[in-house]
Structure formats: structure tokens, C-alpha cells
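K.L.:
pasted the sequence and its predicted model underneath.
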Amino acid sequence: MRKDSGFDTKLIHGGQRPDALRSVTPPIYQTSTFAFRNAQDGADCFAGESDGFIYTRLGNPTTRVLEDLVALLEGGFGGIAVASGMAAVTTVYMSYLGAGSHIVSTEAVYGASRSVLEKHFSRFGVEASFVDTSNLEAVKAALRPNTKLLYIETPANPTISITDIAACAEIAHQRGILLVVDNTFCSPYLQKPLELGADIVLHSITKFINGHADVVGGVIVAKTDADHCRMYNVMTSMGPSMDPHQAFLVIRGLKTLSLRLERAQANAQKIADFLEKHPRVAWVRYPGLASHPQFELAQRQQSGPGAMISFGLKGGLKAGKVMMDSVQLAVLAVSLGGVETLIQHPASMTHAKVSADAKLKAGITDDLVRLSVGIENVDDLIADLDQALSRC
Ligand code: LCS
């Protein structure tokens, strides 16, 4: 494959390693450990003088294919595959935060990315501020001399608010700190944070990258060798490594990322248009609607609006509950980014552990219903939502 190949060519051929039996798909190296050729080979592997594999917590050939592939798609130095999206988030936190340090994060960040800082990292003396990172003045005002990371999630879960990655990179670099972007909602198909100036990008692989609601996983991609090395060392010491079978499934799911996302976002645009015109719907947040507060930024920063929609009903939470209980095709479940359409209520589900005050401040209102649009026939999805809305 040529270096300047297109995204889809990279998706199909990237990350491949030579295989002795010429296997077209990466074999599953379901082994915990690797035999050394001799004592010197073992010593060389441990000294880093040989690139042979040692032990699966430290690296595995199947997992390496996935790491190399995601790094290629994101345009980074190297990938680090881990057992869940939260393992990716906490590996980044563990690598750069310590007693007396501070992080500035998006106020509407995924619930656990926030609560792990508030409930657990705080026990080790880490401070965190959560601000509306779509407001650059608020970002600048929140930075302190001890701030080590600027961490943004864009679009944010579940408010779909959008943060200017390039502007945040400039702010972070002026202060000599790193910009981390959670790119879960877009995937590298729709957004390339490293090209926009970010230093680290991460994903819950559970979502669009795997895309089939059958694996939980995460990945981190660093722009530089030094940051990759620092986080790899933390990851292998703490041990949230990805299992090779899990990696195999993700590689298989990832191959169709462009096809899945194209279809899902075409469906999402039609559904967002439908919802916006519906008399029972109070508001809709979707980056493909001109009514989105950061519509222009989304057009500049993302190559498409994605497949995530948030909306509220005129009847508030009560009507939202009726709607969630009335859908017959959309599935009432958390998670997102799979081939099936999912509906959920963030205030009582994914963001239940965030305090009521913090939720309100972040715009995670009680009436907010979140839709992850899948690849079904859009007419069937709209008919399903329509019949559910008629009961609200
Ligand atoms: N980052 C974002 C933006 C997420 O949406 C999630 C999970 C994570 C990180 C953590 O990933 P995990 O450990 O679950 O792989 N978001 C979920 C959601 O909205 N519903 O269920 C999980």
C-alpha cells in the first residue's frame, strides 16, 4: 500500500503484518506468552533491542495490527489498544496527572470520564475543572499554573456540543500543555484531531470503530514517539491490555467503518430533519442542522455530521419515557455507534453518576433523549419514531 493511499484503502490494508502462512486476515495469536529463540534473544527482547513479542500484557501481534491500523487512520505515531474506552481515558489520566496537578475538561464529557476524576483521581490529589469548552474564553480562564492536560470531547456525549480543536491546541500549546481529544463520536473517518493540532486522541472502540455492539474496547493514539512510549509504559504496568480475540473482532468491524458511517449519518440527517419539524419535539441537537449552535464549526472541523442526535420533547421527561417505552424498532439501550439504532435517557442512565447540579450546568437536561442512529432502512426508523411520538 502506498503511503498516500486514501482512507478506505488504509482501512482495508493498513496495519497488516507479514504472516508466514500468508493469511489474508490477521491470525488470532491467542497466547499469553511467546517462546524466546534462546537466552540471549529473551534478554534482547527485554532490553528493547529486538522487536519480538514477550508476553501478551506487554504486546501481542493481533493487537498490534489494530494499534497500527488506528494510528494510521488517525495519522499518529502509534496506537495503544486497551480493554475498554475507560481504560483508554484512565491510561491517559494516569500518564500525565499526579498529586498537585490539574486537568481542564469538557463539562458535558462522558459521565465516567468525569466521575473517575471526581471520585477516584481526587483521592490522589488531582484536581479537575469542567467547563464549556466550546467557549474558548472559559477554557483560558480555567487553566492554572498546575494544569497538565486540556481534555476535550467533541462532539460531547450527550449534548452534541462541539469544541474547536485547532483553537484549543493553540491555547494548550501556548501554556506548554497537551491537548487530548476523545474522538469517539466521530471516529477518524469524520474527524482527525491530530491533524488539527491535538497531541493525543482516544476512542471508546466499543462504538463506531468496532461498530457491531459485540466488543468493549478502547484505543489511544499519540502524535509523538515520546508520548506513545510514556502511555505504553503506564498501560503495560497497570495492565488493562486488550485481549487478542477482542482485537481480531475489532479489526473485522473496523473494515466497514466508512460504509457504516456514511449510511448511518445519511439516516441521521433525515431523522434530525424529521424530528425538527415534529410538533411534539421541543428541540433537536444535530451537527447537520443549521440550528446547531456550532453548525459552522462542525462543517469546518468534521467531514460529516455523524450519527448521534439529542432531542427533547415538549412533554419533558414524562413524554420522553413514553417515547422510549413505545419504540419498537429502535432499541432502548446505552452505548452507541453500532449498526442498530439505540435510544436512551442520559440523565438517568449514562450520566446518572454526575451530580444534578453538574448535569444541569452541562446542559444534560432531564428531557434530553439520545439517539444513536444505525444503518436500518430510514423509512422504517422514521415510522417507528413517528408512532412512538404520537403517544407522547
Ligand atoms: N468516551 C465516550 C465519548 C463514551 O461515550 C464512552 C462510553 C467512553 C469514553 C467509555 O467507553 P467504554 O469504556 O464504555 O468503552 N459511552 C457510553 C455511552 O454513551 N453509553 O454507554 C457507554
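P.N.:
All right, it came through fine.
K.L.:
OK, contacts around the residue in the stretch 101-250 of the chain that the ligand sits nearest to?
P.N.:
Nearest to the ligand, among the residues of the stretch 101-250 of the chain, is Ser204, at 3.0 Å (CB to the nearest ligand atom). Quick note: C-beta positions are derived from backbone N, CA and C, even for glycine. Counting by CB atoms under 8 Å, 6 or more residues apart in numbering, Ser204 makes contact with 84-86, 88, 110, 182, 184, 217-218.
K.L.:
show me the beta-bridge partners of it.
P.N.:
On the basis of DSSP bridges, Ser204 is bridged to Gly218.
K.L.:
among the contacts of Ser204, name the least confidently predicted one.
P.N.:
Minimum pLDDT for these is recorded at Tyr110 (94).
K.L.:
hang on, that residue packs against Thr350?
P.N.:
Yes: counting by CB atoms under 8 Å, Tyr110 does reach Thr350; the two are 7.1 Å apart.
K.L.:
so for the two, which sits in the more crowded spot?
P.N.:
When neighbours are counted by other CB atoms under 10 Å, Tyr110 comes out ahead of the other of Tyr110 and Thr350, with 23 against 20.
K.L.:
just give the nearest non-adjacent residue to that one, would you?
P.N.:
Closest residue to Tyr110 apart from its sequence neighbours, by CB to CB, 6 or more residues apart in numbering: Asn157 at 4.6 Å.
K.L.:
taking the chain, what residue is nearest to the ligand?
P.N.:
Gly85 (2.1 Å).
K.L.:
for that residue, list the residues it contacts.
P.N.:
Per CB under 8 Å, 6+ apart, neighbours of Gly85: 110, 184, 202-207, 216-218.
K.L.:
pLDDT at the closest residue to it other than its chain neighbours, what is it?
P.N.:
Spatially, and ignoring its direct neighbours in sequence, Gly85 is nearest to Ser204 (2.5 Å; CB to CB, 6+ apart). Per-residue confidence (pLDDT) for Ser204: 98.
K.L.:
again, but for Ser355
P.N.:
Confidence score, pLDDT, at Ser355: 88.
K.L.:
before we move on, back to that, between Tyr110 and Thr350, what contacts are shared?
P.N.:
Joint contacts of Tyr110 and Thr350 (CB under 8 Å, 6+ apart) are Asn157.
K.L.:
give me the number of residues near Ala268?
P.N.:
Neighbour count for Ala268, taken as other CB under 10 Å: 27.
K.L.:
element containing it, please.
P.N.:
helix 257-277 (DSSP states H and E).
K.L.:
can you list contacts of that helix?
P.N.:
Outside helix 257-277, the residues touching it (CB under 8 Å, 6+ apart) are 7-8, 11, 187, 189-190, 208-209, 211, 281, 284, 286, 288-289, 291, 304-309, 311, 339, 341, 371, 373-376, 378, 381-382, 385-386.
K.L.:
all strands of the stretch 201-350 of the chain, in order?
P.N.:
218-222, 281-285, 308-313, 331-332, 342-344 (DSSP state E, counting those that start in this stretch).
K.L.:
next, format those as TSV and append mean neighbour count and distance to Leu136.
P.N.:
Listed next are those as TSV, based on neighbours: other CB atoms under 10 Å; distance: least, CB to CB, whole Å:
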stretch	mean neighbour count	distance to Leu136
strand 218-222	29	24
strand 281-285	19	20
strand 308-313	24	23
strand 331-332	15	37
strand 342-344	21	30
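K.L.:
near the ligand, which residues of the stretch 51-200 of the chain show up?
P.N.:
Contact residues (CB under 6 Å from any ligand atom) of the stretch 51-200 of the chain with the ligand: 84-86, 89, 110, 113, 153, 157, 182, 184.
K.L.:
show me what the helix or strand harbouring Cys168 is packed against.
P.N.:
Assigned by DSSP H and E, Cys168 falls within helix 165-174. Where contact means 3 or more CB pairs under 8 Å, 6 or more residues apart in numbering; DSSP states H and E, helix 165-174 is packed against helix 136-142, strand 147-153, strand 178-182.
K.L.:
between the second one and strand 178-182, how many degrees?
P.N.:
Interaxial angle, strand 147-153 versus strand 178-182 (axes from the mean of the first three to the mean of the last three CA atoms, to 10 degrees): 20 degrees.
K.L.:
which ones are touching Asp19?
P.N.:
Asp19 is in contact with 26-27, counting by CB under 8 Å, 6+ apart.
K.L.:
apart from its neighbours in sequence, what residue is nearest Thr154?
P.N.:
Thr163 (4.2 Å).
K.L.:
pull the helix or strand with minimum mean pLDDT from this structure.
P.N.:
helix 356-362 (a mean of 88; mean pLDDT, DSSP states H and E).
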